[in-house]
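# No letters, just coordinates:
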């Protein structure tokens, strides 16, 4: 991955350090890339080659704008843009205009403090209604989130899909698959094409399926993200440079 990700925080918004950096992902383009990715994981964990049938959480990669939502005691208190990955912009008021973002969560198993991360985007059909105001849906989402006046943001039909977390306090969840299920229970929208998959051949099969479905999906996707499903293994694998060692984005051409 490139060392520079996202964009430099704007002077229009207060700059805030992410408690946990919002990193980029390494890319895969074919079967060989996926085999190399899995081999590196196997070697790092010191697993035997024949035991490397990992479970992956596979999630379509939405071509939108990343955002980080901080909750304390169930209350949405702050929303940040990705910025440069280390420092984001406080765009809480703009994010608060999005109906898909719960403002208060009362579930007993919701962590005392958590930074929920996801993608802000515009559906293809909604983008058509906007006409030629923006070059593409991604630009429309980005421009809308960086409006000085939240009332202007409110006029744009922005959506939010949650898919991960940065920091969390007292969260008792063991896998990414279970985390995605909990996100839904907590009131977040998740991607209906998320799926747990084992083995490289099955990853490729799922990738082909999503590539064929691409035109039917009502938002732009530019790949499929594969994450080692087990959080304990993720923790052991850690990070390399600006990317997690336990995840990769399989691009769709």
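Looks like it came in fine. Note that the structure is a prediction, hence the values are computed from the model and not measured. Numbering: from 1, shown residues only.

# Give the pairing partners of the helix or strand containing residue 120; include direction for each.
Assigned by DSSP states H and E, residue 120 belongs to strand 113-121. Each strand paired with strand 113-121, and its direction, by DSSP bridges: strand 65-72 (antiparallel), strand 159-169 (antiparallel).

# out of the ones you listed, nearest to residue 54?
Smallest distance to residue 54 across the strands paired with strand 113-121 (Cβ to Cβ): 17.8 Å, for strand 159-169. Yep, even glycine has a C-beta here, placed from its N, CA and C like the rest.

# If we go by neighbour counts, what in that closest one is buried?
159, 160, 161, 162, 163, 164, 165, 166, 168 (16 or more other Cβ atoms under 10 Å).

# Assign a three-state SS to the nearest residue in space to residue 157 that is not next to it in sequence, would you?
If you skip the residues right next to it in sequence, residue 157 has residue 126 as its closest partner in space, 4.3 Å away by Cβ to Cβ, 6 or more residues apart in numbering. Of the three states, residue 126 takes helix according to DSSP: H, G, I helix; E, B strand; the rest coil.

# where's residue 126 relative to residue 187, distance?
21 Å (Cβ to Cβ, to the nearest Å).

# Run a quick neighbour tally on the residue nearest to residue 157.
Residue 126: 17 surrounding residues under other Cβ atoms under 10 Å.

# before we move on, back to that, the strands paired with strand 113-121: which one's closest to residue 37?
Closest of these to residue 37 is strand 159-169, at 18.3 Å (criterion: Cβ to Cβ).

# Need the contact partners of that closest one.
Strand 159-169 has contacts (Cβ atoms under 8 Å, 6 or more residues apart in numbering) with 18-22, 59, 62, 67-69, 95, 98, 100-101, 111-123, 171, 176, 179-180, 183, 188-191, 194, 219, 225.

# Now the phi/psi pair for residue 246, please.
When read as degrees, to the nearest 10, the backbone of residue 246 gives phi -100, psi 10.

# That one against residue 41, yeah?
Yes - taking Cβ atoms under 8 Å as the definition, residue 246 is a contact partner of residue 41 at 6.9 Å.

# what do those two both touch?
Contacts common to residue 246 and residue 41, judged by Cβ under 8 Å, 6+ apart, are 228, 237.

# okay, those two: which has more neighbours?
Each of residue 246 and residue 41 has its neighbours counted (other Cβ under 10 Å); residue 246 has more, 25 against 19.

# Show the contacting residues for that one.
Shown in contact with residue 246 (Cβ under 8 Å, 6+ apart): 41, 227, 228, 233, 234, 237.

# CSV for these, including secondary structure and pLDDT?
Converted to CSV, the contacts of residue 246 look like this (DSSP: H, G, I helix; E, B strand; the rest coil; pLDDT from 0 to 100):
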residue, secondary structure, pLDDT
41, helix, 93
227, strand, 98
228, strand, 97
233, helix, 95
234, helix, 96
237, helix, 96
